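J.: Predicted model and sequence follow; I will ask about them next.
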Amino acid sequence: MKNQPKRNNEVDEPNSRGELKMKTSIHFTQASDRAVAVRIQGDIDMNGSTQVQSYLTDLFKNNPRGIIVDLSKVTFINSFGLAILVEGLQWSHHNHTKFRLTGLSSMVRDVFSIAKLLPVFEIYESTENALDGI
């Protein structure tokens with residue numbers, strides 16, 4: 001993939017309660033000749049979701065057959081983060097691209113479950129498993 005944006009902002013900052021909070025970082029890897037994998041680390045909240053949206057937009061412009069989003073390092077996700085992932089799923093349907101999620105921790109899985117989104121996404125345990133069929 002060409003022109004992949006660099007998004008590695010792993011600096012801690014205090015949140016509204018004075019607790020240290022990890023900023024969102026996004027790491028690109030070429031998973032195969034057919035698909036790209038993105039690992040998100042940190043929080044996907046109001047601030048982090050805009051970064052994820054920008055990154056996914058750039059990936060879809062390259063028109064891959066598949067995009068795999070690894071959430072195993074996500075420490076927090078809220079409705080802003082869910083909305084961006086739903087938007088990514090909508091883009092994938094429009095572009096005939098596979099959009100798969102991997103590595104959901106129990107906390108992230110619980111958020112998806114509460115939002116009734118588990119059956120909406122293709123969810124896999126690993127990036128390697130998600131590559132099958134792309």
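T.: Sure, I can see it.
J.: Output the lowest mean pLDDT helix or strand found in this structure.
T.: Across the helices and strands of the chain, the lowest-confidence element by mean pLDDT, DSSP states H and E is strand 7-8, at a mean of 44.
J.: ok, then the element right after the longest strand seen in the chain?
T.: When the chain is parsed with DSSP state E, its longest strand is strand 66-77. With elements assigned by DSSP states H and E, the helix or strand that comes after strand 66-77 is helix 79-95.
J.: Show me what that next one is packed against.
T.: strand 35-44, helix 46-61, strand 66-77, strand 98-102 (3 or more CB pairs under 8 Å, 6 or more residues apart in numbering; DSSP states H and E). Every C-beta, even on glycine, is put in place using the N, C-alpha and C of the backbone.
J.: Going by neighbour count, which residues of it are buried?
T.: Residues of helix 79-95 classed as buried: Phe80, Gly81, Leu82, Ile84, Leu85, Gly88, Leu89, Trp91, Ser92 (neighbour count, 16 or more other CB atoms under 10 Å).
J.: pretty sure the first one contacts Asp43?
T.: This means Phe80. No - the criterion here is CB atoms under 8 Å, and Phe80 misses it with Asp43 at 9.8 Å.
J.: which residues of the protein score low on pLDDT?
T.: Along the chain, segments meeting pLDDT under 70 span 1-22, 30-31.
J.: still on that earlier bit, next, the buried residues of the longest strand of the chain.
T.: Of the residues in strand 66-77, Gly66, Ile67, Ile68, Val69, Asp70, Leu71, Val74, Phe76, Ile77 count as buried by neighbour count, 16+ other CB under 10 Å.
J.: for those residues, which one is nearest Leu104?
T.: Set against Leu104, the nearest of the buried residues of strand 66-77 by CB to CB is Leu71 (5.5 Å).
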